[in-house]
Structure formats: structure tokens, C-alpha cells
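*Asks:* Build the 3D model from these lines:
(2 chains)
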Amino acid sequence: MKTLSVITGVLVGAGLIYGTLDMPKWGDPHSAASTHVSAYYLHHSLEQTATPNVVTSVLADYRGYDTLGETTVIFTAGMACILLLRRGRSK
Amino acid sequence: MFEFVVSHYNYWAYVGLMMIGFYAMMAKKNLIKKIIGMNIFQSAIILFYISTSVKKGGVTVPILEHGHGGHGAHHAVNIMQYANPLPHVLMLTAIVVMVATLGVAVAVCIMIYRRYNTLEEDEIIMSIKRG
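*Replies:* Model prediction:
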């Protein structure tokens, strides 16, 4: 079991490292993640949402529905914990 | 070759961290150790995303200068000055999911402990087989 886990881990890790060979360089300002929509957020955040903190404006304004779904996740997890842990129910 | 290693070794560190968590999830018999492995795995993913938001050369956190006072919109924003805000936002969501999974997993562990009086996987399986 232990050897099988080590072999699986090494294989998956080798595949992931092979995948990183095409990744952009560390700190590259022209990488794909830092160009398209992120530049739009940095340019338009202040005039469209009047929030200097861009992380806040993206979280609460541009991606507000995402944050609403996030609260659903937290609510579901809290309900699951309460339903699992409450005492005194019939067995 | 050396330059390639210097510009990519951060990804390899995250892959190593991720595989440590993956190994703990697969090989450990104790359920709490499995949960710790899952947390290491998720932390590696979060570190990976945060590392994609870095830009070299004097960048700061994505909080705009001259943002207060209502006349900030007249200043042009130099996007090379600020780190990429998008991975930070996505990882805020991922941290929330991480906390939710951790809470539910620990609650399930408490239920298992109440029923079987152990958290060792093989002992639980033995106990189920005995009936």
C-alpha cells in the first residue's frame, strides 16, 4: 500500500512537472494570467466601482454572484456540521 | 538551462508540496492525518495561484494609489505597478471552500469516533466486518 502510494505520487508529480515546463516565467508581467481581464479590472475598477482596493471590487462587484455562491457553500457546510453533530436524536 | 530552473522552480516546489499531501491522503491510516494531507494539498494549489499573480519589478498589492477623495479617476493606472488581483480573488473563494471541506470532514470524523471509538482506518474496517 505504501509503495503503491509512493509510485502513484511520483508518477502524478512527474506529470505535473512536465506540465509546468510550458508555464510562464515567475514574475513575468506579460503572462496570460496578468494581461487580459486583470488589466481591465485594474484600469476600470476606480471609475466603475469607486473602490481603490481592486481585490474588493472584483470580489464584491464584478464577481458578486460568485461570492453569493460562496456564502451558499459556507451555509451548506454549516448546516451539514450542525446536522451531523447535534445530540439527542433518535438512533 | 540555469535561467529556466530559476524561473520555474517555484512551480516544482508546489508540485512537491501537493504530492506530499496526496501521499498523506492515500497512505496514512489515521483519518485526521488524511485530513491534514488534504489541507496541505489545497494549500499547495493556493500558493500556486498566488505565485501566478506576481509581476517582477517593484509591484505592490493591488490597492490603487490616489484612490481616495473622489478625484482619483483622473490618474492613469499603470498596471505594471500592481500585482494581478484576479488570482487573489479566486483564492479567497478557494480558502472558503477549504474551510468548508475541513469543517465537514472533522464533523464526520467526530461521528465516526462516536460510533467506532477509533479513527484508524483498518480498525474501523475490522469493526464493520465483525458486525
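*Asks:* is whatever helix or strand residue A:77 lives in up against chain B anywhere?
*Replies:* Using DSSP states H and E, residue A:77 sits in helix A:64-85. Yes. For a cut-off given as C-beta under 8 Å from any C-beta of the partner chain, helix A:64-85 has contacts with chain B, namely A:66-67, A:70, A:73-74, A:76-78, A:80-81, A:84-85. Backbone N, C-alpha and C define where each C-beta goes, glycine included.
*Asks:* Can you report how many residues lie near residue B:76?
*Replies:* Residues near residue B:76, counting by other C-beta atoms under 10 Å in any protein chain shown, number 7.
*Asks:* meant to ask about residue B:94
*Replies:* 17.
*Asks:* Next: the one 3 residues further on.
*Replies:* Per other C-beta under 10 Å, the neighbour tally for residue B:97 reads 14.
*Asks:* okay but it is in contact with residue A:73, surely?
*Replies:* Yes. The pair residue B:97 and residue A:73 passes the contact test of C-beta atoms under 8 Å, sitting 6.0 Å apart.
*Asks:* can you list the residues of helix A:64-85 next to chain B in a markdown table and add pLDDT and neighbour count?
*Replies:* Compiled in a markdown table, the residues of helix A:64-85 next to chain B are given as follows (pLDDT from 0 to 100; neighbours: other C-beta atoms under 10 Å in any protein chain shown):
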| residue | pLDDT | neighbour count |
| --- | --- | --- |
| A:66 | 89 | 15 |
| A:67 | 89 | 17 |
| A:70 | 90 | 19 |
| A:73 | 91 | 15 |
| A:74 | 93 | 14 |
| A:76 | 94 | 12 |
| A:77 | 93 | 20 |
| A:78 | 93 | 13 |
| A:80 | 92 | 15 |
| A:81 | 92 | 17 |
| A:84 | 88 | 15 |
| A:85 | 87 | 13 |
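*Asks:* Please identify the one among those that lies nearest to chain B.
*Replies:* Nearest to chain B, judged by C-beta to the nearest C-beta, of the residues of helix A:64-85 next to chain B is residue A:77 at 3.5 Å.
*Asks:* Surely the closest one touches residue B:105?
*Replies:* No. Residue A:77 lies out of contact with residue B:105 (C-beta under 8 Å); the separation is 9.9 Å.
*Asks:* can I get the CA coordinates of stretch B:17-34 in PDB?
*Replies:* Taking Å, rounded to 0.1, in the frame of the first residue of the first chain, the C-alpha atoms of stretch B:17-34 are listed here in PDB:
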ATOM      1  CA  LEU B  17       4.100  20.100  -1.600                       C
ATOM      2  CA  MET B  18       1.000  18.800  -3.400                       C
ATOM      3  CA  MET B  19       2.400  15.300  -3.700                       C
ATOM      4  CA  ILE B  20       3.200  15.300   0.000                       C
ATOM      5  CA  GLY B  21      -0.500  16.000   0.700                       C
ATOM      6  CA  PHE B  22      -1.600  13.400  -1.900                       C
ATOM      7  CA  TYR B  23       0.700  10.800  -0.400                       C
ATOM      8  CA  ALA B  24      -0.800  11.500   3.100                       C
ATOM      9  CA  MET B  25      -4.300  11.200   1.700                       C
ATOM     10  CA  MET B  26      -3.500   7.800   0.100                       C
ATOM     11  CA  ALA B  27      -1.100   6.100   2.500                       C
ATOM     12  CA  LYS B  28      -2.000   7.200   6.000                       C
ATOM     13  CA  LYS B  29      -4.300   5.100   8.100                       C
ATOM     14  CA  ASN B  30      -5.400   7.800  10.500                       C
ATOM     15  CA  LEU B  31      -8.400   9.800   9.300                       C
ATOM     16  CA  ILE B  32      -7.100  13.000  10.900                       C
ATOM     17  CA  LYS B  33      -3.800  12.600   9.100                       C
ATOM     18  CA  LYS B  34      -5.700  12.200   5.900                       C
END
